[in-house]
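Trainee: Sequence and predicted structure are below.
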Amino acid sequence: MTHQRQNPIETWLRSDRMPHIWCPGCGIGTSLNCFVRAVDRAAIPKDNLFVVSGIGCTGRVAGYIDVDSFHTTHGRAIPFATGLSLARPDAKVVVYSGDGDLAAIGGNHLMHAARRNVDMTVVCVNNLTYGMTGGQLTPTTPRTAVASTTPYGNYEHPFNLPQLADSCGANFVARWTVFHVRQLTRTLVKALRTKGLSFVEIISPCPTLYQRRNRLGDGTQTLEYYRDHSVVRHGANTAEVDIDFQGEITVGEFVTRERPSLRECYEARMREVLQDDFVPFGVRP
């Protein structure tokens, strides 16, 4: 008698919505696979996990994962998640979106969420382009790279997202590529267990737009590039982990610090003010 092997992550997926919309060679599905394995290892119950996304290819993760998920407006995933985090301190809130959504229109929210140290995990899949809307320049597109809005090459300095999250005060900051599936999964477990804001950048190919326009090959060739040009430097100075066009990619866990979260700061102050009448966040009087 033959037994059909079950996909170990199938219980976390909305299988009725498959097949997904992601292109062949795209790394978002790989990142999702790593994420749900991390959630499983971190033993987070389904009822205690909220996944919030914005607009874009990565934003579709919220629609495919079988938990309480929210597909919000462009760039507004983090403020939405901030409300969830304060209202449900017993739950784990995850923002899962792309570089265009989190670093461009949502960049202000990323900075202030890290400054406030909101209890949430922010997963940014960075494919260096706007994948869903035509391959335009994003705040992370490397200099000299070609995009639909920079046909002669990008001349703007891109964001270094780990440095941005670090300088604003995030408690945990890391970066891997979708080639580093085991390392990424272990790091996501740590991020999910971090108090305050944890930020994980995942470098991923966009074969249909970024790779094709820049003549970098398909998804498999990009994974080989990640394998050959990634350098693991745990604890690296985040000011030194910029990504250049076809240059070395510094990966690893860069920042681990302990700083009070937004909720802890609020509650400490309210205890001083209200004393015996204080009611913690998420507790109904």
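Mentor: It's in.

Trainee: Just the buried positions in the helix or strand harbouring residue 254, please.
Mentor: Element membership of residue 254, judged by DSSP states H and E, is strand 249-256. Buried residues in strand 249-256, counted by 16 or more other C-beta atoms under 10 Å: 249-255. Every residue, glycine included, has its C-beta placed from N, CA and C.

Trainee: Also stretch 138-154?
Mentor: Neighbour count says stretch 138-154 has 138-142, 145-147, 150, 154 buried, by 16+ other C-beta under 10 Å.

Trainee: mind putting those residues in TSV, distance to residue 98, pLDDT and secondary structure included?
Mentor: Below are these laid out as TSV (distance: C-beta to C-beta, whole Å; pLDDT from 0 to 100; DSSP: H, G, I helix; E, B strand; the rest coil):
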residue	distance to residue 98	pLDDT	secondary structure
138	8	95	coil
139	11	95	coil
140	10	96	coil
141	12	96	coil
142	16	96	coil
145	16	96	coil
146	19	95	coil
147	15	95	strand
150	18	93	strand
154	17	94	coil
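
Trainee: Would you mind listing the two of the buried residues of strand 249-256 that lie farthest apart?
Mentor: Greatest spacing in the buried residues of strand 249-256, by C-beta to C-beta: 249 and 255 (17.4 Å).

Trainee: low-scoring stretches of the stretch 51-200 of the chain, by residue?
Mentor: For the stretch 51-200 of the chain, applying pLDDT under 70 flags no range at all.

Trainee: you'd agree residue 278 is up against residue 269?
Mentor: No - at 9.7 Å, residue 278 does not count as touching residue 269 under the criterion of C-beta atoms under 8 Å.

Trainee: Comparing the two, which residue is more hemmed in?
Mentor: Applying other C-beta atoms under 10 Å to residue 278 and residue 269 shows that residue 278 carries more neighbours, namely 14 against 11.

Trainee: And the buried residues of strand 249-256, which is closest to residue 118?
Mentor: Checking the buried residues of strand 249-256 against residue 118 with C-beta to C-beta, the nearest one is residue 255 at 16.1 Å.

Trainee: Now that closest one: closest residue in space, sequence neighbours ignored.
Mentor: Nearest non-adjacent residue to residue 255, counting by C-beta to C-beta, 6 or more residues apart in numbering: residue 173, 3.9 Å away.

Trainee: hang on, that neighbour packs against residue 166?
Mentor: Yes - judged on C-beta under 8 Å, residue 173 makes contact with residue 166 at a distance of 5.0 Å.

Trainee: Looking at these two, which one has more neighbours?
Mentor: When neighbours are counted by other C-beta under 10 Å, residue 173 and residue 166 differ, and residue 173 comes out ahead with 29 against 21.

Trainee: Which parts of the stretch 51-200 of the chain are helices?
Mentor: Secondary structure of the stretch 51-200 of the chain (DSSP state H, counting those that start in this stretch): helices at 61-64, 77-87, 99, 107-116, 161-168, 181-192.
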